[in-house]
Each structure stands twice: as structure tokens, then as C-alpha cells.
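In: Next one to model:
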Amino acid sequence: MTEDRKYLFYILLVWALIFLAHLDLIYVNIMEARNFITAREMLVDNNWLLTTMNAEARYEKPPLPTWLTAISAGIFGIQSLFALRLPAALVTLLLLYIFYRFIPKLELSLKQSFLATLILGSSFYIIFMGRNGQWDIFTHSFMMVAIYFLWNFFSSKKNLLKNAIFAALFFGASFMSKGPVSLYALLLPFLIAYGFTYGYRGFRNKWKEFLIFLVLAGFLSSWWFVYVRLADPVSFLEITSREATRWTNYNVRPFYYYWSFFTQSGIWTIPAFVALLYPYLKTRVVNRKAYDFAFFWTLAAVILLSLIPEKKSRYLLPVLIPLALNTSFYIEYLFRSFKELSKKEKWPVVFNHGLIATIGIAFPVAAWWILDFQGHQNWYLLTSIVLAGIGIAIFYFLKKLKYPPVFYLTVAFICGIMVFGFPLSNALLSNPKFRNFGELREFAEAENFQVYEYNAETPEIIWEYGKPIPKLHIEDPVLASEERFGIILQEKDSAFIDTLKGDFEVLSSARYDLNYVNPEADGYKDRLIRLFYLLQKKD
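Out: The predicted structure follows:
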């Protein structure tokens, strides 16, 4: 087996362990619920272009990831969370593969490309997004492929048309995943760093092919928006206006909000920080120009994101791509020189990996006291053996001053958590009042009545109910036409039922609670609770 194939095999193995293991275990969150509802309504109602959520127009996001999710659900089943999340995991594999193929173009070794790819694949927010039915991972993965072909286009005189066309195709796929997000947060910083580091020499001889790129990319990025604008102009303009307003007055954070961005890499936080110490590392890297490029690409991405008033931690996802490349320069240096480092230089390495090892060794005792393992004893035992064993091994190789095994064991630590430790998350789910809205749908279909929701809309509830829940308002004509119907409403709106008692009698009532966590836990949400009433018109 060649070195290249060996590295690709290990990348595939790590991806499978981290991104496929127990993919359907965690319950659906609010962002996933929105996306999965839209995918379900694509399949059920054939709404592939004029996308909907709860039978109402949803044009906030372009539909490519939803198409892929709907196709997967159509093959494996709309109730399968594994099927719904699989496209995100697969597009993460695409990201890792193209990232691995991109780095050697910087005149770096396959070994460093392999290390950088393992860093990227085991970074916290990459794991979170790659196992989650959200569309950020799609837009940035597709844009990374576009960047790969743009690099070829800018740095070579060969295959200009081919590289321009493929760059345009994946640029369009990125835009059709989440609009201009990745154009701004990943591609523009790349173009700035490339121009600053390598320059655009010889570009005058490529303008025709570049024009083809612009035209094709523009068409692929805009056709769906144009179609929706013409087919449903009222809803499109209303949604567009609302979305534009959110960028300036929703989740507004200060400029410096993102400047702890390196912590989003999780276990690589300290190495990522050290790799950003430019005066320290610039004389220790194997390729100064490539390091400059990675460093400026990372900083440009953070600065551009910081300029946008609306800020969320998940918006830092694109930064983790150049950050992994930048961190790999420090890791490669440790591979070469760890034994010869001074105690002062060794300290961050020993602290970072020693902390991980300590967590692994302490897990059996700490988890035993914190979690209730009833029904999960086997997973607890396996997790304890794996994490404690890896922790002991990390300390052993740190003492022997052998950094490569320490690095690989750290990646194995994450794999161990995902494969053996992830099922223990169910030990945190203990809501004695839990009652799913799927039960309500079964009751409504058995008794043949329509369920409405008053004055609210919660995506997780609609997803679990299994089909759209029409909204009801106090002056709604439905109140005059329905003889018998169900209504769900938040506890704070329960007085609304009193206004209906003159015309309707309450046949039955119930409380539905979609919170999986205990009512005493921080993650318990009132918005996931509804009171249900079955009403019938009085004679």
C-alpha cells in the first residue's frame, strides 16, 4: 500500500468512527427540525422548488442540502435520523478528502497533509456540524472544493477551462446550500491570503476562462432565487426583507466576540493557539510561505466575520478549515523536534495532552459519581477501559518524549468518545413528564379531528407530530366552521381556552412535554411544552 493510500484509508477510518457511529442517537434540535420538516414536505407534498415548513413558504435557505436530505430519507425512510443526518456526514468526508488533496499543492508533504486532515476531522465544531442536520457544513465543504480548483486555476497555466468550470460548479453548490455565507467567510479570506502571499501573476492571460467561471457560477448560484422571486413574489420579498434585517439587529455581538475562535477546535485549542504565535513559529516551519498563507487565511476569515453585527459561535465553522492547516505547521514541528525542545517549549504540549490523558484516566470515577448508568453499564465499562487506557498510553509516550504516538492517541481519544462514550449521553435524559407529540397525532387520526396550534410555532413539535399543524388565532374563521377539533397552546396562553367555553365544551385535555432532559436541568425549555384540549361545539 502506497503512503497516499495508507493515509486515505486512515482518514476514512477516523471519519467513519467519528461521524457515523451512533449518528441517530441524539434527539432532533431546533435547526435540524426546520430542515427535516422541509425535507419531509418535499417528499410528501412534492415541494422541491417552492420549499415549505409547516405548509408555509420557507425561502430563507436555498434547497440543495434539503434535496440531498430528502433523497436520503426517501431511500432509507423519513423516520430514520441516520438517513436524515447521513448527507451531512458524507459532505464532511468530501471536505476531509479535498482538504487532504489541497495541502500538497502548497509544497507541503503528504505527511503534513494527513496530520492537518486529522486535526480538522477531530475539531469540535467540525464534529458537531458533520453529525448534525444543519446546512453550514454543506456550504463550506462545497466551497472548499471550489477553492481547490481555483488554486489550480491561479497557480497553473494548464487545464484552465476545466478548473474554471469545476470551480464554478462547486461555487454554485455552496451558494445553493446557504447563500453567500461561504463566499464571504471562506472564499474571500482565501483570495485575500492568496493574493497577499503568492500574488495573481499571469492572470491577464486567464481572463476569458475566469469570465466563464463568473458567468457559470453566477447562473448556478442565482437560478433558484430568480425562480422563487417570479413564482411567489410576495412571500419571497417578505422573507428576504426579514432575513436582511436579522443581519444587523439579531444576535448582535461586539467586534471581539470571535477572538477566542481557536477554542472551537476542541482538543487542539492549545496547539492552535501556539500555531498562531507567528513570531515564534515562523522560523520553525518547513515552508515559510505556506505558513504565511495559512496564517493570513485564518486571520482574514476571523476579521471579516467580526465585521458582521450578527454573530453566533457556529458561524466560526469556516475558520476551522484554515486553522487546521495553520495548526499542522506546529504539529509537524513537534513531530520533528519534540525531543530537542527546551522545557519551556515542551510545557504547552505536556499540558495539553496531559490534560486529555488526565480526563481519560479520571473518567471511570468521575462519571460513576455524576451519571446514572442504569441500563448503560456496558457502555460505561467499555468507555472507561478505552479512555483510561488511552490516557495511560499518552502519559507513557510523553515521558518517552515520543510525540507522534501522543498525537495519534489524542485522535483515538476522540474516536473512543464517539464510539463508546456517546451512548452514555442517554444517561442525561431523564424527564419523567416526557410525552411525545407523535402520540397526539395517533390520537387525532384515531378520533378523526384536526389539531391546531394557537399563537406559536415550535419546529421540534411539528417534526415530532409528523405533519403540518395549522396555526389558529383568536379571530380565525376555523372557530366558526369546526364542530370538533384539537388545540395545543403554551401554558402561558391557557386563558385562551376560557374565551372559547361559551361556544365549545372541553371533551378532554392533556399535557405534552417534548423535553428529553430533566425539568431541573439547564437545558429544559418551556417552549417544548404544550397543553392540549379537545373541543366540541355546543348544541
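In: I'd like the next helix or strand past the helix or strand containing Leu381.
Out: Under the criterion of DSSP states H and E, Leu381 resides in helix 377-399. Counting by DSSP H and E, the element after helix 377-399 in chain order, helix or strand, is helix 403-416.
In: Can you tell me what sits against that next one?
Out: Here helix 403-416 makes contact (C-beta atoms under 8 Å, 6 or more residues apart in numbering) with 14, 17-18, 115, 118, 122, 127, 266-267, 331, 334-335, 338, 349, 353, 356, 360, 383, 386-387, 390-391, 393-394, 397-398. Placement of C-beta: from N, CA and C, glycine included.
In: and what of stretch 531-539?
Out: 440, 447, 449, 451, 482-491, 494, 497, 500, 503-512.
In: pLDDT of it, averaged?
Out: Stretch 531-539 shows a mean pLDDT of 90.
In: tell me which residues of that stretch are tucked away?
Out: 531-535 (16 or more other C-beta atoms under 10 Å).
In: cool, and stretch 222-235?
Out: 224-225, 228, 232, 235.
In: What is the burial count for Thr327?
Out: Neighbours of Thr327 under the rule other C-beta atoms under 10 Å: 29.
In: How about the one 4 residues further on?
Out: Neighbour count for Ile331, taken as other C-beta under 10 Å: 24.
In: Determine how far stretch 521-538 lies from the middle of the whole chain.
Out: In terms of C-alpha atoms, centre = their mean, to the nearest Å, the centre of stretch 521-538 is found 29 Å from the chain centre.
In: Report the buried residues of stretch 380-392.
Out: So for stretch 380-392, counting by 16+ other C-beta under 10 Å, buried means 380, 382-384, 386-388, 390-391.
In: Which is the succeeding secondary structure element to the worst-scoring helix or strand of the chain on mean pLDDT?
Out: Least confident helix or strand, the chain: helix 478-481 with a mean of 73, by mean pLDDT, DSSP states H and E. Next in sequence after helix 478-481, counting helices and strands by DSSP H and E, comes strand 484-489.
In: From one end of stretch 512-528 to the other, what's the distance?
Out: 8 Å (C-alpha to C-alpha, to the nearest Å).
In: And the buried residues of stretch 380-392, which is closest to Phe171?
Out: Ile390 (40.7 Å; C-beta to C-beta).
In: OK, contacts around that closest one?
Out: Applying C-beta under 8 Å, 6+ apart, the residues near Ile390 are 357, 360, 409, 412-413, 416.
In: switch to 10 Å and redo it
Out: 356-357, 360-361, 409-410, 412-417 (C-beta atoms under 10 Å, 6 or more residues apart in numbering).
In: Chain neighbours aside, what residue packs nearest to Thr263?
Out: Thr269 (5.0 Å; C-beta to C-beta, 6 or more residues apart in numbering).
In: ignore the last one, Phe149
Out: Ala167 (3.8 Å).
In: What of Leu95?
Out: That would be Ser141: by C-beta to C-beta, 6+ apart, it lies 3.9 Å from Leu95.
In: so that neighbour is in which element?
Out: Here Ser141 is assigned to helix 136-155, by DSSP H and E.
In: So which elements touch the helix or strand that that helix is followed by?
Out: Downstream of helix 136-155, the next assigned helix or strand under DSSP H and E is helix 160-178. Secondary-structure packing of helix 160-178 (3 or more C-beta pairs under 10 Å, 6 or more residues apart in numbering; DSSP states H and E): helix 64-76, helix 81-102, helix 136-155, helix 181-182, helix 207-231.
In: what does the domain assignment say about this protein?
Out: 3-335, 341-428, 437-537 (automatic domain parsing).
In: Out of the ones you listed, which one sits most buried?
Out: Stretch with highest mean neighbour count among the domains of the chain: domain 3-335 (a mean of 19; mean count of other C-beta atoms under 10 Å).
In: now the end-to-end length of that one.
Out: First-to-last residue span, domain 3-335, C-alpha to C-alpha: 17 Å.
In: now it: how far from the chain's centre is it?
Out: That offset, for domain 3-335, works out to 10 Å (C-alpha atoms, centre = their mean).
In: Going forward, count from 309.
Out: Fine by me, first position is 309 from now on; the one you just mentioned is domain 311-643.
In: Could you pull up the mean pLDDT of it?
Out: 94.
In: Now do the contacts for Leu797.
Out: Taking C-beta under 10 Å, 6+ apart, one finds 760-764, 780, 803-805, 838-841 in contact with Leu797.
In: picking up where we left off before, taking the buried residues of stretch 839-847 one by one, which sit in helices?
Out: Judged by DSSP state H, the buried residues of stretch 839-847 include no members of helices.
In: The residues you listed in strands, which ones?
Out: 839-843 (DSSP state E).
In: Return the residues in contact with Ile678.
Out: 735-736.
In: quick one on the thing from earlier: what is the distance between the helix holding Leu689 and the centre of its chain?
Out: Using C-alpha atoms, centre = their mean, the offset of helix 685-707 from its chain centre is 28 Å.
In: Dump it to PDB, keeping only the CA atoms.
Out: Output in PDB follows, covering the C-alpha atoms of helix 685-707 (Å, rounded to 0.1, in the frame of the first residue of the first chain):
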ATOM      1  CA  GLN A 685     -23.400  -0.300  32.300                       C
ATOM      2  CA  ASN A 686     -21.800  -2.000  29.300                       C
ATOM      3  CA  TRP A 687     -21.100   1.300  27.500                       C
ATOM      4  CA  TYR A 688     -19.800   2.800  30.800                       C
ATOM      5  CA  LEU A 689     -17.400  -0.100  31.200                       C
ATOM      6  CA  LEU A 690     -16.100   0.000  27.600                       C
ATOM      7  CA  THR A 691     -15.700   3.800  27.700                       C
ATOM      8  CA  SER A 692     -13.800   3.600  31.000                       C
ATOM      9  CA  ILE A 693     -11.400   0.900  29.600                       C
ATOM     10  CA  VAL A 694     -10.800   2.800  26.300                       C
ATOM     11  CA  LEU A 695     -10.400   6.300  27.700                       C
ATOM     12  CA  ALA A 696      -8.300   5.300  30.700                       C
ATOM     13  CA  GLY A 697      -6.100   3.100  28.500                       C
ATOM     14  CA  ILE A 698      -5.500   5.900  26.100                       C
ATOM     15  CA  GLY A 699      -4.800   8.300  28.900                       C
ATOM     16  CA  ILE A 700      -2.200   6.000  30.400                       C
ATOM     17  CA  ALA A 701      -0.600   5.500  27.000                       C
ATOM     18  CA  ILE A 702      -0.400   9.300  26.400                       C
ATOM     19  CA  PHE A 703       1.400   9.800  29.600                       C
ATOM     20  CA  TYR A 704       3.800   6.900  28.800                       C
ATOM     21  CA  PHE A 705       4.800   8.300  25.400                       C
ATOM     22  CA  LEU A 706       5.000  11.900  26.800                       C
ATOM     23  CA  LYS A 707       7.500  10.500  29.300                       C
END
